[in-house]
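Novice: need coordinates for the below:
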Amino acid sequence: MPLNIDPTALILLVFAALGVISHNAPVIIASTLLLLVQQTPLTRYLPWMEKNGVSLGIILLTIGVLSPLASGKVTLGMADFGNWKVLTAMGVGVAVAWLGGRGVTLMLNQPGVVPGLIVGTVIGVAFLKGVPVGPLIAAGILSLFIGKGN
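Specialist: Predicted coordinates:
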């Protein structure tokens, strides 16, 4: 009797395995949760997750970045806005935010590139000691080469 495995479930399992190999907890958690949603009656929420997931993720990331400011551990008074390092940090922040915006547009308009971005990020984490925050920025950089797809 041949095995009839859903190809999308198999892909999610592969991503989860890559997450385990690369010690990438966000990829493991996301892949596993999506697999559970996909394989249960919760599947009806997948369109909502697809539509709102990136926005919710950006909100959570922004909360994480701003929380030291809210707690008082970091203040704007700590920054010497005349220092070249602070000015460079601001410039890099602007560039990365712009690239991230291009990346979101690219991933929405050309979803076929998303698996490559995920695999590339997992490889970067596994073999280059990277941090798994790269898919949006990677998509933004990719958009410079192939356009945003709109």
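
Novice: quick one, helices of this protein?
Specialist: Listed from the start of the chain, the chain has helices (DSSP state H) covering 7-21, 25-38, 46-71, 84-109, 114-128, 135-146.

Novice: show me where the chain dips below the pLDDT cut-off.
Specialist: 1-4, 132-134, 148-150 (pLDDT under 70).

Novice: how near is residue 85 to residue 75?
Specialist: Counting by Cβ to Cβ, to the nearest Å, the gap from residue 85 to residue 75 is 17 Å. Placement of C-beta: from N, CA and C, glycine included.

Novice: same thing with residue 96?
Specialist: Using Cβ to Cβ, residue 96 is found at 22 Å from residue 75.

Novice: higher neighbour count, these two?
Specialist: residue 96 (15 against 9; other Cβ atoms under 10 Å).

Novice: I'd say the more buried one and residue 137 touch.
Specialist: Yes - at 6.0 Å, residue 96 counts as touching residue 137 under the criterion of Cβ atoms under 8 Å.

Novice: thought residue 138 was touching residue 120?
Specialist: Yes - counting by Cβ under 8 Å, residue 138 sits close enough to residue 120 to count as a contact (6.3 Å).

Novice: neighbour count winner among the two?
Specialist: It is residue 138, of residue 138 and residue 120, that has more neighbours when counted by other Cβ under 10 Å, with 22 against 16.
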